[in-house]
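Visitor: Okay, predicted coordinates and the sequence, questions at the end:
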Amino acid sequence: EGVPHLTTKKSRTIVPIFLQFLHHQYFLFHDTDPDAREFDLMSQITDKLGNSGPWEKDLLGRKLLQKKLTAFLKMFAEVKGMQQLYKHKLLLVIFISFLSNPDSDVAKTSLSCIVNFKLAYIAPYQEELKGMLKIGQLRETLTKFNLSLEDGTVDKQHRKELFPIVIRILFGRLSARGSGLKSSKDSPAVRRSAILSFLSGLGQMKHEIDYFVYMMVRTFIPESVNMQIVNCGHHDREHVIKMINHVATRDLSDVHIQRQEGFLNLMSDVIKKLGFGVVEFIPVFTELIVTLIELTESLRKDSSMGGNDPKDKEELKIIDANQMEPKPTGKVRSLCFLRLSELCGQFASVYDFTIFKNRIWASLRTALTILPSSVKNAEKPPSLLILLETMTSHPELIPLIVGQDAAVKAIFECINEHSKVKIIDCAINCVDNLLTEGGVFEVNKSKIEEGMDRLGQPLVLKHAELLIGQFTKRLGSGRKNDNDF
């Protein structure tokens, strides 16, 4: 660190050592980190120094590797003329990627390295970028960082190359742990709210939000796809869109379950905060969610040897009733139902979700069978019932449920002597939605009079006897609070 001139002078030796450390140690341990695929280190390493690997993963420790990485970065951060270094273009790509590292020391030191490149699109915004990485200052920094095209902080000519760097920093802050204090200004909830509110200001120029979506979904890009960005850089929008569109071809069974959950949790806030700013990516998001539902159903069948194991049915009951901590696949499945519900509810008027109709119902057969028993004494509606309520809530979504007798029966059977008021309310909302075609019958009767197809009402009439029977059971049970509903 103290002799930056030696780092510069010996960079043809030092840089390959750094690259070998990343390839043979750091990314051997962090073997699911998509950053490694962006660097394509295998093609960058020469044999001049001899092969320092392969290492045994079990002999490597997270803390030791972070210390080594930070030491390398601090050494490079002392170099003032970064363009003098061997493979400086590759190093810039690596430093930008490490901005999204959840370890704030790694991110801060990487930013110091980037600043020393003295790039025109970085220099004017150094203080804002550093402020994003200071504990407790993120929200204040983002509030002052005006993204407006007319009178904003950022020069229009800098937006394309600057925003991937900003997004990398913010994505790392999204994944970083909090201090543990509920009132902390640096809590994950506070950071997430501030970051997504800030990002909602992107999109004033076309494709500005694309890089954030890429960061969200890149872990789902197939292994067969070449993700390397050494030649094109982080700001190449054509490459970013190409990578995002590859997501739909991925077998997700080898994606770690924590990454699946992380994506699904972030998706909820993205839908609420960014809304129609991400409408272009609804097909990709829906594809991912439906594929995850199919995957969890496949795992469920495998674990229960065909789905006939009573224990498996009991497990699904427990998961849907929210009575105890579900198994990981059950949690992912529940999150998928909620995210699909949110997507359908938000974008029903602009996207045709019936494209996924057959795949959705094929993966829900068992869950629909179990749904009525899963709500027994549950305090809140299960995620599947929430999804079904959403599917009945809009005239453009009701075609999803047409022809799905099992779904309609499952909704009606949730109205029983064991169901609590919130469950009953949710099921009755479904019935009301179907009778009114998602509210259209009440809001605009003229459409009905002009011959609008009635899709929901026939579904209720077809199973009216079952519905009446369920109400009879419920009212005849003598349960308390029945007057409430």
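Guide: Good, I have the coordinates.
Visitor: Quick check: residue 177 touching residue 188?
Guide: Yes - with contacts counted by Cβ atoms under 8 Å, residue 177 reaches residue 188, the gap being 7.2 Å. All C-beta atoms are positioned from the backbone trio N, CA, C, and that covers glycine.
Visitor: Between these two, point out the one with more neighbours.
Guide: residue 188 (15 against 11; other Cβ atoms under 10 Å).
Visitor: Please list all residues in contact with residue 65.
Guide: 25, 26, 29, 30 (Cβ atoms under 8 Å, 6 or more residues apart in numbering).
Visitor: So for the protein, the centremost residue is which one?
Guide: For the chain, the residue nearest the mean C-alpha position is residue 263 (2.4 Å; Cα atoms, centre = their mean).
Visitor: Roughly how far does that one sit from residue 7?
Guide: Distance of residue 263 to residue 7, given as Cβ to Cβ, to the nearest Å: 38 Å.
Visitor: from what I can see the residue nearest to the centre of the chain touches residue 215, true?
Guide: No - between residue 263 and residue 215 there is no contact under Cβ under 8 Å: 10.5 Å.
Visitor: low-confidence ranges in the protein?
Guide: 1-2, 46-58, 178-184, 203-205, 249-250, 303-327, 442-452, 477-485 (pLDDT under 70).
Visitor: which one's the longest helix in it?
Guide: helix 282-303 (DSSP state H).
Visitor: could I get that helix in PDB with only the CA atoms?
Guide: Output of helix 282-303 as PDB, limited to C-alpha atoms (Å, rounded to 0.1, in the frame of the first residue of the first chain):
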ATOM      1  CA  ILE A 282     -43.200  -8.100 -16.900                       C
ATOM      2  CA  PRO A 283     -42.800 -11.100 -19.200                       C
ATOM      3  CA  VAL A 284     -39.400 -11.900 -17.700                       C
ATOM      4  CA  PHE A 285     -40.600 -11.500 -14.100                       C
ATOM      5  CA  THR A 286     -43.700 -13.600 -14.800                       C
ATOM      6  CA  GLU A 287     -41.700 -16.300 -16.500                       C
ATOM      7  CA  LEU A 288     -39.300 -16.500 -13.600                       C
ATOM      8  CA  ILE A 289     -42.100 -16.700 -11.000                       C
ATOM      9  CA  VAL A 290     -44.000 -19.300 -12.900                       C
ATOM     10  CA  THR A 291     -40.900 -21.400 -13.400                       C
ATOM     11  CA  LEU A 292     -40.200 -21.200  -9.700                       C
ATOM     12  CA  ILE A 293     -43.700 -22.400  -9.000                       C
ATOM     13  CA  GLU A 294     -43.200 -25.300 -11.300                       C
ATOM     14  CA  LEU A 295     -39.800 -26.100  -9.700                       C
ATOM     15  CA  THR A 296     -41.300 -26.100  -6.100                       C
ATOM     16  CA  GLU A 297     -44.100 -28.400  -7.400                       C
ATOM     17  CA  SER A 298     -41.600 -30.700  -8.900                       C
ATOM     18  CA  LEU A 299     -39.600 -30.800  -5.700                       C
ATOM     19  CA  ARG A 300     -42.700 -31.500  -3.700                       C
ATOM     20  CA  LYS A 301     -43.600 -34.400  -5.900                       C
ATOM     21  CA  ASP A 302     -40.100 -35.800  -5.600                       C
ATOM     22  CA  SER A 303     -40.100 -35.600  -1.900                       C
END
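Visitor: Could you list the buried residues of it?
Guide: 282-297, 299-300 (16 or more other Cβ atoms under 10 Å).
Visitor: Output the contacting helices and strands for that helix.
Guide: Helices and strands touching helix 282-303, as assessed by 3 or more Cβ pairs under 8 Å, 6 or more residues apart in numbering; DSSP states H and E, comprise helix 210-217, helix 257-274, helix 310-321, helix 328-347, helix 357-362, helix 365-374.
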